[in-house]
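Undergrad: Fold the following, please.
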Amino acid sequence: MSRNRTAARPRRQRRRGTAFSRFARLAAIALAVLTALPFLLVPLYAVVNPPASALMLWRLFEGRGIAHQWVDLEDIAQVLPATVIMTEDGRFCEHHGVDWQAVQQVVEEAGDGGEPRGASTIPMQTAKNLFLWPQRSYVRKLLEVPLAYWLDLVWSKRRIIEVYLNMVELGPGVYGAQAAAQHHFGKDASQLTAREAGLLAAALPNPIMRSAGRPGPLTRRLAQRAEQRGRIAGAYIACIH
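TA: All right, here's what the predicted structure looks like:
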């Protein structure tokens, strides 16, 4: 009897080992698919408008609604992409997805005890909004950087800013220039003024806390600075024309 129990124990251990190995293989396959999927979707989204973003789904899971309406870039007031590029990514037309000059400057400022700030480019932010998650982590950055390079390689600069302005969060549950223009100012994105573009650009880093429609003193101050930058965009945004 004891010999039977002794023989049965290794069989149970082998079965547990086999089940664990199967689970590990399935988990590895699932992880590989999830990692590869964004890279496979990028060529599709070069010609097909994304129906939603990972950020939208994340916020929906948190209990927020989704206000979103796609509009082509030519149906967005030109002052908005000019202001956003000059505020968020001044070298947008020069780099190829990641601005290493900005990264170096951030590192130097941090070493000198300056106020910490990000160096995310518009392609990096587009990759994050479309495919990744909002919480900061080294894992997200490891995915964000190659995705930004891939976006810049496959899409035109004009397509990048078009997708960015249509998918970016611009208020609680509000995504894209059209929904934001209607929500904050009661008008279409094609009718935005330089001041309103500045307010939207000022809200971008924290659209949950900063309201473009009801700006506080800090948002108004940042909006004025963004508006001034948008007015001198000129050759800095030649790549989107």
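Undergrad: so which strand or helix has Thr35?
TA: Assigned by DSSP states H and E, Thr35 falls within helix 2-45.
Undergrad: Quick one: mean pLDDT for the very next helix or strand once past that helix?
TA: Next helix or strand after helix 2-45 toward the C-terminus (DSSP H and E): helix 54-61. For helix 54-61, mean pLDDT rounds to 93.
Undergrad: thinking again about what came up before, what about the helix holding Thr35, average pLDDT?
TA: 69.
Undergrad: try stretch 225-235
TA: For stretch 225-235, the mean per-residue pLDDT is 96.
Undergrad: The protein - how does it break down into domains?
TA: The chain breaks down by automatic domain parsing into domains covering 1-45, 52-240.
Undergrad: tell me the most buried of the ones you listed?
TA: domain 52-240 (a mean of 18; mean count of other Cβ atoms under 10 Å). In short, each C-beta sits where N, CA and C put it, glycine included.
Undergrad: Can you give the distance of that one from its chain's centre?
TA: Centre-to-centre, domain 52-240 and its host chain are 8 Å apart (Cα atoms, centre = their mean, to the nearest Å).
Undergrad: Can you verify my assumption that Leu80 contacts Leu199?
TA: No. Contact criterion Cβ atoms under 8 Å: Leu80 and Leu199 do not qualify, at 10.5 Å.
Undergrad: Could you measure from Leu41 over to Leu130?
TA: Leu41 is 8 Å from Leu130, where distance means Cβ to Cβ, to the nearest Å.
Undergrad: For Gly171, list each beta-bridge partner.
TA: Note on Gly171: beta-bridge partners by DSSP bridges are Val174.
Undergrad: from memory it sits against Gln182, does it?
TA: No. At 10.6 Å, Gly171 does not count as touching Gln182 under the criterion of Cβ under 8 Å.
Undergrad: separation between the closest residue to Leu200 other than its chain neighbours and Val163?
TA: In space, and not counting its chain neighbours, Leu200 is closest to Ala212: 4.9 Å by Cβ to Cβ, 6 or more residues apart in numbering. Distance of Ala212 to Val163, computed by Cβ to Cβ: 20 Å.
Undergrad: what's the answer for Thr18, then?
TA: 45 Å.
Undergrad: next one: Cys239
TA: Distance of Cys239 to Val163, given as Cβ to Cβ: 15 Å.
Undergrad: now do Gln105
TA: Gln105 is 26 Å from Val163, where distance means Cβ to Cβ.
Undergrad: So Gly213 sits against Ala181, correct?
TA: No. Look at Gly213 against Ala181 with Cβ under 8 Å: they stay out of range, at 10.0 Å.
Undergrad: Which helix or strand contains the closest residue to Gly176 other than its chain neighbours?
TA: Nearest residue to Gly176, sequence neighbours excluded (Cβ to Cβ, 6+ apart): Asn166, at 4.4 Å. Following DSSP H and E, one finds Asn166 within helix 157-167.
Undergrad: Now do that helix: which elements does it pack against?
TA: helix 79-88, helix 122-131, helix 177-185 (3 or more Cβ pairs under 8 Å, 6 or more residues apart in numbering; DSSP states H and E).
Undergrad: Nearest to Gly234 among those would be which one?
TA: Among the helices and strands packed on helix 157-167, the nearest to Gly234 by Cβ to Cβ is helix 79-88 (8.7 Å).
Undergrad: helices or strands up against that closest one?
TA: Using 3+ Cβ pairs under 8 Å, 6+ apart, helix 79-88 sits against helix 122-131, helix 157-167, helix 194-203, helix 217-231.
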